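Q: Need coordinates for the following:
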Amino acid sequence: MKDINLFRNDFNRRDFIKLSGMFMAALAIPISGSNSKDKWGSVLPTRKLGKTGLDATLFTIGTGSSGGTYEEIEAIIETAINGGCRFFDTARMYGKGARETALGKFLTPKYRKEIILLSKSEAKNADDLNRNLETSLKELNTNYLDVYLMHNIISTEDVDSRLNNGVLDAMLKAKEQGMIKHIGFSGHYDPDANIYLLDKHLPEIEVMMCPVNPVDPLRKSFVLNVLPKAVEKNVGIIGMKILGGGGLTGAPINWGGVRGEKRESVIPEIISFEDALHFAWSLPVSTTTLGCTNVEQVKMDIQYLHNFTGMSESKRNELTERLKEVAMRNNFEHYKMK
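A: Predicted coordinates:
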């Protein structure tokens, strides 16, 4: 079960003020008009991805759980492109490499010039990073990645180990060679690890991916503790775990030490899918990566973005407050456990 010592049952006015500050920071990241177009049609609203200068559509297709067969993934890609999505997120480990292969087959041959393509590596040393990057480029059928992340940092010790073993140095060399345009990291275990890396004052770090959802402020919060640091450093924020890694929908835990543990569903019983998405988009994120297993989910997420006009601080605070009691009984964020 969840580590009760890490669970926050004292979400209070001080935290409301922090969330209010996050709302003001979100307003400082303007959303472009929805009338922009490219050769494939209308493009979804965008925000600048921090200091990269890239225009990121607020909706990103995440491929950690996208589809099952190549046919399903192709349909998801086509639906996303037709709906205006221009950001695609994958990783070497997703589907044991199958997700990158699918994108290299159905996405990049046709759409490479119009999209932002991101991949990640869990490499712990330079040699493994180089091998992962070489394989990713080959499978993705491209000669460069717009964004490449150190994937899944879990502790301050992990950060130091990767840096000391040349992971960032290898990424910088690949950037010099044109294989990577922008460098960043992802972390969903421990906010302290993300803060620790941001505080290294490494100007090469331009992007961060972390959890952003209405239950996050209640326990080991990335929203309250990490987002302000990234905003301060103009690091582009990619929100993930928007539905708590499936936890808010009641999906049983499918990995880790608590595999199989069941959870109560709060979507749509207590809050809606749209609530969760609008909560995230009202924070200073540049985009949110959402795993979609079928085309209907893609269409639904795109429609929710079209419906988005902002979410007030009082509404966001109310959503988090509404989830406190049920969150005490459920491990909605199992990914915060080592």
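
Q: Now name the helix or strand holding Ile61.
A: When secondary structure is defined using DSSP states H and E, the element that contains Ile61 is strand 59-62.

Q: now for that strand, which elements pack on it?
A: Contacts of strand 59-62 with other secondary structure elements, assessed using 3 or more CB pairs under 8 Å, 6 or more residues apart in numbering; DSSP states H and E, are made with helix 70-83, strand 87-89, strand 287-291, helix 295-307. C-beta here means a position set from N, CA and C on the backbone, and glycine is covered the same way.

Q: pLDDT on it, on average?
A: Taken as a whole, strand 59-62 has an average pLDDT of 96.

Q: mind exporting it as PDB, just the C-alpha atoms?
A: The C-alpha atoms that make up strand 59-62 are tabulated as PDB, following Å, rounded to 0.1, in the frame of the first residue of the first chain:
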ATOM      1  CA  PHE A  59      -1.900  18.000 -26.700                       C
ATOM      2  CA  THR A  60       0.900  15.500 -27.300                       C
ATOM      3  CA  ILE A  61       0.500  11.900 -28.200                       C
ATOM      4  CA  GLY A  62       2.300   9.700 -25.700                       C
END
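
Q: Could you list the residues in contact with that strand?
A: Around strand 59-62, the neighbours that count as contacts under CB atoms under 8 Å, 6 or more residues apart in numbering are 44, 76-77, 80, 85, 87-90, 118, 238, 240, 287-292, 298, 301-302, 305.

Q: From those residues, list the buried ones, please.
A: Among the contacts of strand 59-62, those that count as buried by neighbour count (16 or more other CB atoms under 10 Å) are 44, 76-77, 80, 85, 87-90, 118, 238, 240, 287-292, 298, 301-302, 305.

Q: Which residues are in contact with the nearest residue to Gly236 once chain neighbours are set aside?
A: Nearest-residue entry for Gly236: Gly50, 2.8 Å, with adjacent residues in sequence omitted and distances by CB to CB, 6 or more residues apart in numbering. For Gly50, the set of contacting residues under the criterion of CB under 8 Å, 6+ apart consists of 206-207, 230, 234-237, 286.

Q: Give me the phi and psi for the residue nearest to the spatial centre of the chain.
A: With the centre of the chain defined as its mean C-alpha position, the nearest residue by CA atoms, centre = their mean is Met240, 3.0 Å away. The phi and psi values for Met240, taken as degrees, to the nearest 10, are phi -130, psi 180.

Q: Low-confidence stretches in the stretch 51-200 of the chain?
A: 66-67 (pLDDT under 70).

Q: Would you map the strands across it?
A: Ranges of strands within the stretch 51-200 of the chain are 55-57, 59-62, 87-89, 116-121, 145-150, 180-186, based on DSSP state E, counting those that start in this stretch.

Q: From the chain's centroid, how far away is the third one?
A: Which is strand 87-89. On the basis of CA atoms, centre = their mean, to the nearest Å, strand 87-89 is displaced by 10 Å from the centre of the chain it belongs to.

Q: Point out the other helices and strands that that strand packs with.
A: In this structure, strand 87-89 packs against strand 59-62, strand 116-121, strand 287-291, with contacts taken as 3+ CB pairs under 8 Å, 6+ apart.

Q: Now these in JSON lines, please, with extra columns for distance to Ala170.
A: Formatted as JSON lines, the entries for the helices and strands packed on strand 87-89 read as follows, by distance: least, CB to CB, whole Å:
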{"stretch": "strand 59-62", "distance to Ala170": "25"}
{"stretch": "strand 116-121", "distance to Ala170": "9"}
{"stretch": "strand 287-291", "distance to Ala170": "24"}
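
Q: Show me where the stretch 1-150 of the chain has its helices.
A: Secondary structure of the stretch 1-150 of the chain by DSSP state H, counting those that start in this stretch: the helices cover 13-27, 70-83, 98-106, 108-111, 126-140.

Q: as a whole number, average confidence for the first one?
A: Spelled out, that is helix 13-27. Average pLDDT, helix 13-27: 55.

Q: which residues touch Ser161?
A: The contact partners of Ser161, taken as CB under 8 Å, 6+ apart, are Lys124.

Q: how near is Pro284 to Lys48?
A: When CB to CB, to the nearest Å is the yardstick, Pro284 and Lys48 sit 11 Å from each other.

Q: Compare these two and say which is more crowded by neighbours.
A: A count of neighbours by other CB atoms under 10 Å puts Pro284 above the other of Pro284 and Lys48, at 24 against 17.

Q: Is that one in contact with Val231, as I believe?
A: Yes - at 5.2 Å, Pro284 counts as touching Val231 under the criterion of CB atoms under 8 Å.

Q: My read is that Leu224 contacts Pro211, right?
A: No - with contact defined as CB under 8 Å, Leu224 does not reach Pro211; the gap is 11.6 Å.

Q: Neighbour count for those two, which is higher?
A: Higher neighbour count among Leu224 and Pro211: Pro211, with 27 against 20, using other CB under 10 Å.

Q: What pLDDT does the model give that one?
A: Model confidence at Pro211 (pLDDT) stands at 97.

Q: Now do the same contact list for the nearest residue to it once chain neighbours are set aside.
A: Of all residues not flanking Pro211 in the chain, Lys241 sits nearest, at 3.8 Å (CB to CB, 6+ apart). Under the criterion of CB under 8 Å, 6+ apart, the contact partners of Lys241 comprise 188, 211-213, 216, 333, 335.
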